[in-house]
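Novice: sequence isn't available, so here's the structure alone:
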């Protein structure tokens, strides 16, 4: 009983300390208005906070200020329109003063799979001129371990008149934290609110102040840690998924070699109470799973052997699909290839890092046949494909009716409505088990 009382006292003191160190916010600036930044800005604005969105793309800024959106995300158009019409959200090109700055700029890979942090550095330089004592800066962009420290150094170089957490002692001017997003495209607005968040600070005070920002709109739990752990958490989540997908993809290659139905095999193996194998596909895409593991590999290249192997397996799965299509086309006069789906996952129009786009582009450039591309979530082909004369965007029925080879790349719900009669007497390469799961 005594220990319970003491534990309760500790919890009360800890809660009081957190409340004392928390911040209040009148204005929040979101730097980078893409797939994460714009939904985040809209959600914060819907909670009665003035939001200044910053983006270097003039068209993006003009589109948002008209209450419209430049990306596709469920219900985002409604949220942005409401935020702009109520005056709680505006978009600009050059940063203005704010209480807190959330950085959500891209962190792509260079050609050699090295992280490109140039967008974060550019954001740091851009906001440095308007920083004021007491400001909070949160980096959300998926980044290698140690990136928040680099951000601090870039800011400190621009603003030597301000003190920062690493060398500022107890009385620092600028608070820095890292809080990665962990949302599912197509369901971002909901998951920004309901999912738990990991909030890492360069100091515990920084973490507590960052938590108070996310407490405005996050109904999930905010877990406080340091920046390095928070950075590694995001990378770990996506590397874990990449490794598990790689197992399924490699299993599909083995089953093809051994004449075993991989879909039936996985269904039966998953009947074991401690086995849960994922479904294979044509590779791995999207802005996270296909990229984030490389950040770990770049930081620890000699010991991240399993993570690197998974990346190789998933990247090479696309090459395997391409070869299967080429082999099928070689036995057909005037091959017409129906390519079903271009997005990186089902039921959205997001093409980022999509293995389907890679496969279709390779086939088109190699001129292995005329490609009839069906992707119900886009209105025109991406730049990689739009100028290729043998690649054409058509309806699903057009693709199936006029082809002799069918390649299932993305298992959109819309494809389930197709008549099975359109599949008869055609070579089918089913990377999703769409028609072969029995």
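Specialist: Alright, I've got the coordinates. Since the structure is predicted, the reported quantities are computational estimates derived from the model, not experimental observations.
Novice: show me what contacts residue 275?
Specialist: residue 269 (CB atoms under 8 Å, 6 or more residues apart in numbering). Where C-beta positions appear, they are placed from N, C-alpha and C, glycine not excepted.
Novice: have a look at this protein and report its longest helix.
Specialist: Taking DSSP state H as the criterion, the chain has its longest helix at helix 227-258.
Novice: report the angle between the helix or strand just after that helix and helix 227-258.
Specialist: Sequence-wise, the next helix or strand downstream of helix 227-258 (DSSP states H and E) is helix 262-269. Between helix 262-269 and helix 227-258, the angle comes out at 120 degrees (axes from the mean of the first three to the mean of the last three CA atoms, to 10 degrees).
Novice: what sits up against whichever helix or strand comes after helix 262-269?
Specialist: As assigned by DSSP H and E, the chain's next helix or strand after helix 262-269 is helix 292-299. Residues outside helix 292-299 that contact it (CB under 8 Å, 6+ apart): 109, 113-115, 142-146, 232, 234-236, 238-239, 242, 304, 307-308, 310-311.
Novice: for helix 292-299, the distance to its chain's centre please.
Specialist: 15 Å (CA atoms, centre = their mean, to the nearest Å).
Novice: rewinding a little: mean confidence for the longest helix of the chain?
Specialist: On average, the pLDDT along helix 227-258 is 97.
Novice: how much space between residue 31 and residue 226?
Specialist: 23 Å (CB to CB, to the nearest Å).
Novice: higher neighbour count, these two?
Specialist: Per other CB atoms under 10 Å, whichever of residue 31 and residue 226 has more neighbours is residue 31, with 29 against 18.
Novice: for the more buried one, what are phi and psi?
Specialist: phi -100, psi 110 (degrees, to the nearest 10).
Novice: hmm, it is touching residue 125, no?
Specialist: No: Residue 31 lies out of contact with residue 125 (CB atoms under 8 Å); the separation is 11.1 Å.
Novice: and for the closest residue to residue 388 other than its chain neighbours, the neighbour number?
Specialist: Excluding its sequence neighbours, the residue lying closest to residue 388 (CB to CB, 6 or more residues apart in numbering) is residue 364, at 4.4 Å. By other CB under 10 Å, 24 other residues sit near residue 364.
Novice: give the buried residues for the longest helix of the chain.
Specialist: 227-228, 230-235, 237-239, 241-243, 245-246, 248-252, 255 (16 or more other CB atoms under 10 Å).
Novice: ok, now stretch 145-157?
Specialist: 145, 147, 148, 149, 150, 151, 152, 154, 155, 156.
Novice: kindly provide the distance from the fourth one to residue 198.
Specialist: Going back to what we said before, that points to residue 149. Residue 149 is 17 Å from residue 198, by CB to CB.
Novice: repeat for the fifth one
Specialist: Taking CB to CB as the measure, residue 150 and residue 198 are separated by 19 Å.
Novice: how near is the residue nearest to residue 202 when sequence neighbours are not counted to residue 171?
Specialist: Distances taken as CB to CB, 6+ apart place residue 165 nearest to residue 202, at 3.8 Å, with adjacent residues excluded. From residue 165 across to residue 171, the span is 11 Å (CB to CB).
Novice: same thing with residue 181?
Specialist: On the measure of CB to CB, residue 181 and residue 171 end up 31 Å apart.
Novice: and the strands in this protein, which stretches?
Specialist: For the chain, the strands defined by DSSP state E cover 27-31, 50-54, 89-92, 100-103, 136-139, 175-178, 197-201, 222-226, 336-340, 370-374, 391-393, 405-408, 427-430.
Novice: of all these, which lies closest to residue 70?
Specialist: Residue 70 lies closest to strand 89-92 among the strands of the chain, at 10.3 Å (CB to CB).
Novice: can you get me a residue count around the spatially closest residue to residue 243 that is not a sequence neighbour?
Specialist: The spatially closest residue to residue 243, leaving aside those adjacent along the chain, is residue 310, at 4.3 Å (CB to CB, 6+ apart). Residue 310: 25 surrounding residues under other CB under 10 Å.
Novice: who touches residue 310 in this structure?
Specialist: 239, 242, 243, 245, 246, 293.
Novice: do the same with residue 121
Specialist: 150, 154.
Novice: measure it to residue 34 for me?
Specialist: Distance from residue 121 to residue 34, by CB to CB: 17 Å.
Novice: contacting residues for the nearest residue in space to residue 40 that is not next to it in sequence?
Specialist: Nearest non-adjacent residue to residue 40, counting by CB to CB, 6+ apart: residue 30, 5.7 Å away. Residues near residue 30 by CB under 8 Å, 6+ apart: 37, 38, 40, 41, 44, 51, 52, 53, 54, 101, 102, 104.
Novice: would you confirm that the fifth one contacts residue 216?
Specialist: Yes: under the criterion of CB under 8 Å, residue 44 makes contact with residue 216 at 6.4 Å.
Novice: more neighbours, the two?
Specialist: residue 44 (26 against 15).
Novice: for residue 219, see how far away that one is.
Specialist: If you go by CB to CB, the gap between residue 44 and residue 219 works out to 14 Å.
Novice: before we move on, what about residue 347?
Specialist: 25 Å.
Novice: same question, residue 234
Specialist: 20 Å.
Novice: do residue 194 as well
Specialist: 6 Å.
Novice: for stretch 271-289, what is the average pLDDT?
Specialist: Mean predicted confidence for stretch 271-289 is 94.
Novice: endpoints of that stretch, how far apart?
Specialist: 27 Å (CA to CA, to the nearest Å).
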